[in-house]
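Student: turn this into a structure:
(chains A and B)
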Amino acid sequence: MSDFRQITDFLWERAPAGGMRVPARIYATRRMFEAVASDNAPEQVVNVAHLPGIVGASLAMPDIHWGYGFAIGGVAGFDAREGIVSPGGVGYDINCGVRFLATALAREEVQPRIGDLVNGLFHSIPSGVGSSGALTASRAELQKAAVQGAAWAVGRGYGREEDLAYIEEGGCMADADPAQVSDRAWKRGQGQLGTLGSGNHFLEIAYVSEVYDENAAGVMGLFPGQVTLTVHCGSRGFGYQVCDDYLGVMDRAVKRYGIELPDRQLACAPLRSAEAQAYLGAMRCAVNYAFANRQVIAHLARETFERVLERGPADLGLRTVYEVAHNIAKFERHRVGGRELLLCVHRKGATRAFPPGHPDVPAVYREIGQPVLIPGDMGRYSYVLTGTARAMRDTLGSTCHGAGRAMSRKRAARTAGGRDIAGELRRRDIVVIGRSRRTLVEEIPEAYKDVADVVDVCVAAGISNRVARLTPMGCIKG
Amino acid sequence: MAERDKPWLDVIDHTADVGIVVRAGDLRTLFVRAAWGMFSLITDPEKVSPVEAARISVSANDRDELLRNWLSELNYRHVAEQRVFGSFAVSELTEVRAEGEARGERLDPARHDVFGEVKAVTFHGLKVAREGGQWVARVIFDV
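Tutor: From the prediction side, this is the model:
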């Protein structure tokens, strides 16, 4: 990838050449860039730069790695009139995201009960492959959830009205169209609401181990030693099926509209086409499904905290700090090249990070910018960041979304060998339960890159501010 | 891992995803082995009792897509019907149509170790080709 040249210590660029309509830009140190270059991810960023209507640059955050069509960590904005939408630019797990909650409790109060708490969460929140059974919802109810998102769950008694203000999009994406969702997707989604799923999805109890920005932390109500809860999951089989269905639709659309692609997996359709409208209608259903899913899980977790710790809601103080989406396409207004444009912004393994003052940031956070939670691995740490004006200018208001894997699952399992992973972590005061031993060995801390390196690049490049670091106390892996 | 005693199966070790390469002397066997290979990522197919049969019928525009659709249909039946499959047969196969059956049983977490989830069978690097006198298929799964 010698065609990329280093612009700053943290930014690499490939100037437009051939069919590229805009530059390709990757946020990374030299070491990171050399590592990602080995798996063709930079080429994928270049490929996206070829797509019709792309504006500004094809971007990749520092946790970039190879993905289906678009790289994971990719961000791209397409002009609402001339651009396209691509399911590969959103990913299979539509609106995979993170709900970040804080308690009013200090680490010392929770540490003696952490084993019971993790066990309680493990039993009250279904996890693992094909997990189901958290709640029963008829097809008609499921369709309501797909339109109303988190509000549907609140209406069914899962959580509180005030949670909604602290979710990206208010927990509900407008213009979701259940008629565009296949029977197969509804079937796959049936019974999976309120379930964590498998793979890298998790639920983690942590404590605030470091505060970097006292003002921002104060505004978010975070203090040193405070116990927090993070939920990472998405739209389950429902979203996978929506993506799969529309990859086929888009494959045909590419031929119909005569779109030339450098890679078949970038299959897309003009935003004004019937195919694009159908995909967006179905995708928004999956987005809302994921919002409802995390709302139910957050509520089940809240009940479990209350039961295990024998505390009332006020005493426990478990409240939503913020919830972000990682895999999504949405219309946003951005200034590009001195003009304000309406763009269909694709974020795939990237997080929206809007700056202070932005109207889409909840009023309480408007002074500090949108909160962003960047999960690491189960043995090290996660970070709380905020969005910046620089991110709005340079990355369409986006930042990284996590650590990214350093090892394949197989290599991680080989590395773990016969080790007692849960025992190792327990000795470090971290209680971990996995649905199977295999889950734990595949998710060992060293299977992931050090998230601190990823966050360092985002902070150094000015696209995020560092607010706090969280250290794990307990974790459930699906 | 089951691939150890299946010389016709290689599991591709990719950082974030998983793939398989399968080989066979004829196309029908290739489709059967690809199905087995995919299910070996989900559970141990050898521990699945073939008590129920599911009819599988798929079509596509070309042979590559046909293999993808065949696997995708099997995975759908697995997740939507909560079944696991361990043996497969192809009764009819053309360039654009495949018919066959998968034999298995209801997923029972007490008896079936579930290793992981196949979110989707992707088009990435998808290939069905004749190489050195045998058929070879390469498929990447989003997991």
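
Student: and residue 139, what's its pLDDT?
Tutor: Looking at chain A here, since you left the chain open. The per-residue pLDDT reported for A:Arg139 equals 94.

Student: oops, chain B please
Tutor: 96.

Student: now it, what's its secondary structure?
Tutor: Here B:Val139 is recorded as strand under DSSP: H, G, I helix; E, B strand; the rest coil.

Student: so who does it touch?
Tutor: B:Gly19, B:Ile20, B:Ala34, B:Gly37, B:Met38, B:Leu67, B:Arg68, B:Leu71, B:Val121, B:Thr122, B:Leu126 (CB atoms under 8 Å, 6 or more residues apart in numbering or on different chains). C-beta coordinates here come from the backbone N, C-alpha and C atoms, glycine included.

Student: just the strands in chain B please.
Tutor: Under the criterion DSSP state E, strands of chain B are mapped to B:9-13, B:18-24, B:52-59, B:83-93, B:97-106, B:120-121, B:127-131, B:134-142.

Student: elements contacting the second one?
Tutor: Think strand B:18-24. strand B:9-13, helix B:27-42, strand B:134-142 (3 or more CB pairs under 8 Å, 6 or more residues apart in numbering or on different chains; DSSP states H and E).

Student: near chain B, which residues of the stretch 201-350 of chain A?
Tutor: For the stretch 201-350 of chain A, the residues in contact with chain B (CB under 8 Å from any CB of the partner chain) are A:Gly237, A:Tyr240, A:Gln241, A:Cys243, A:Asp244, A:Leu247, A:Asp251, A:Arg264, A:Gln265.

Student: didn't the third one look like it was pressed against A:Gln190?
Tutor: Okay, so that is A:Gln241. No. When contacts are counted by CB atoms under 8 Å, A:Gln241 is not listed as touching A:Gln190 (11.2 Å).

Student: any idea which of the strands of chain B is most buried?
Tutor: Greatest average neighbour count among the strands of chain B goes to strand B:120-121 (a mean of 24), per mean count of other CB atoms under 10 Å in any protein chain shown.

Student: returning to that earlier point: among the residues of the stretch 201-350 of chain A next to chain B, which one has the most neighbours?
Tutor: A:Gln241 (30 neighbours; other CB atoms under 10 Å in any protein chain shown).

Student: who are the packing partners of the strand or helix carrying that residue?
Tutor: Take DSSP states H and E as the rule and A:Gln241 turns out to sit in helix A:236-256. Contacts defined by 3+ CB pairs under 8 Å, 6+ apart place helix A:236-256 against helix A:183-189, strand A:269-270, helix A:274-309, helix B:63-81, strand B:120-121.

Student: what are the buried residues along the helix or strand just after the third one?
Tutor: By that I understand helix A:274-309. Per DSSP H and E, the first helix or strand lying C-terminal to helix A:274-309 is helix A:313-316. Across helix A:313-316, burial judged by 16 or more other CB atoms under 10 Å in any protein chain shown covers A:Leu316.

Student: angle of the helix holding A:Gln241 against helix A:274-309?
Tutor: 170 degrees (axes from the mean of the first three to the mean of the last three CA atoms, to 10 degrees).

Student: what about helix A:236-256, distance to the chain center?
Tutor: Chain-centre distance of helix A:236-256: 20 Å, with CA atoms, centre = their mean, to the nearest Å.

Student: now it against strand B:134-142, angle please.
Tutor: Using the same axes, to 10 degrees: helix A:236-256 against strand B:134-142 is 120 degrees.

Student: tell me the angle helix A:236-256 makes with helix B:63-81.
Tutor: Taking the same axes, to 10 degrees, one finds helix A:236-256 and helix B:63-81 inclined to each other by 160 degrees.

Student: so for helix A:236-256, mean pLDDT?
Tutor: Here the average pLDDT along helix A:236-256 is 94.

Student: tell me the pLDDT at the residue located most distally from the centre of chain B?
Tutor: What lies farthest from the middle of chain B is B:Ala110; by CA atoms, centre = their mean that is 23.2 Å. Predicted confidence (pLDDT) for B:Ala110: 86.

Student: for it, give me phi and psi.
Tutor: With angles defined as degrees, to the nearest 10, B:Ala110 sits at phi -70, psi -30.

Student: any stretches of chain B with poor pLDDT?
Tutor: Chain B contains residues with pLDDT under 70 at B:1-4.

Student: what sits against A:Glu446?
Tutor: A:Asp377, A:Ala406, A:Met407, A:Ala412, A:Thr415 are the contacts of A:Glu446 under CB under 8 Å, 6+ apart.

Student: near the first one, how many other residues are there?
Tutor: Using other CB under 10 Å as the criterion, A:Asp377 is surrounded by 24 other residues.

Student: ok, the last one next?
Tutor: When neighbours are counted by other CB under 10 Å, A:Thr415 registers 13.

Student: how much space between the nearest residue to A:Tyr158 once chain neighbours are set aside and B:Ser57?
Tutor: Distances taken as CB to CB, 6 or more residues apart in numbering or on different chains put A:His299 closest to A:Tyr158, at 4.0 Å, once the chain neighbours are dropped. According to CB to CB, to the nearest Å, A:His299 stands 42 Å off from B:Ser57.

Student: right, so of the helices and strands packed on helix A:236-256, which gets closest to A:Leu385?
Tutor: helix A:274-309 (19.3 Å; CB to CB).

Student: the helix or strand of chain A with the lowest mean pLDDT and chain B in contact?
Tutor: Using mean pLDDT, DSSP states H and E, helix A:437-442 stands out as the lowest-scoring helix or strand of chain A, at a mean of 86. Yes. Against chain B, helix A:437-442 shows contacts by CB under 8 Å from any CB at A:Arg438, A:Glu442.

Student: which residues does A:Pro362 contact?
Tutor: By CB under 8 Å, 6+ apart, the contact list for A:Pro362 reads A:Ala165, A:Tyr166, A:Tyr322.

Student: now do it, the pLDDT please.
Tutor: 97.

Student: for A:Glu332, same thing?
Tutor: Looking at A:Glu332, its pLDDT is 98.

Student: what are the bridge partners for residue 12, then?
Tutor: No chain in the question, so chain A it is. Note on A:Trp12: beta-bridge partners by DSSP bridges are A:Gln6, A:Ile26.

Student: that's the other chain; I wanted chain B
Tutor: Counting by DSSP bridges, the residues bridging with B:Ile12 are B:Gly19.

Student: A:Gly221 contacts A:Ala102, doesn't it?
Tutor: Yes. Using CB under 8 Å, A:Gly221 makes contact with A:Ala102 at a distance of 6.0 Å.

Student: against B:Val11, how distant is the residue nearest the centre of chain B?
Tutor: When CA atoms, centre = their mean is applied to chain B, the residue found nearest the centroid is B:Ala35 (1.9 Å). Counting by CB to CB, the separation of B:Ala35 from B:Val11 is 15 Å.

Student: swap in A:Arg160?
Tutor: 46 Å.

Student: try A:Pro362
Tutor: 46 Å.

Student: which residues touch the spatially most central residue of chain A?
Tutor: Taking CA atoms, centre = their mean, the centroid of chain A lies closest to A:His326, which sits 2.7 Å from it. For A:His326, the contacting residues are A:Asn95, A:Cys96, A:Gly97, A:Val98, A:Gly234, A:Arg347, A:Lys348, A:Gly349, A:Ala350, A:Thr351, A:His401, A:Gly402, by CB under 8 Å, 6+ apart.

Student: mind doing that once more with 6 Å?
Tutor: A:Cys96, A:Gly97, A:Gly349, A:His401 (CB atoms under 6 Å, 6 or more residues apart in numbering or on different chains).

Student: can you report phi and psi for the residue lying closest to A:Arg466 once chain neighbours are set aside?
Tutor: The shortest distance from A:Arg466 to any non-neighbouring residue, by CB to CB, 6+ apart, is to A:Tyr212 (4.5 Å). Here is the backbone geometry of A:Tyr212 (degrees, to the nearest 10): phi -100, psi -30.
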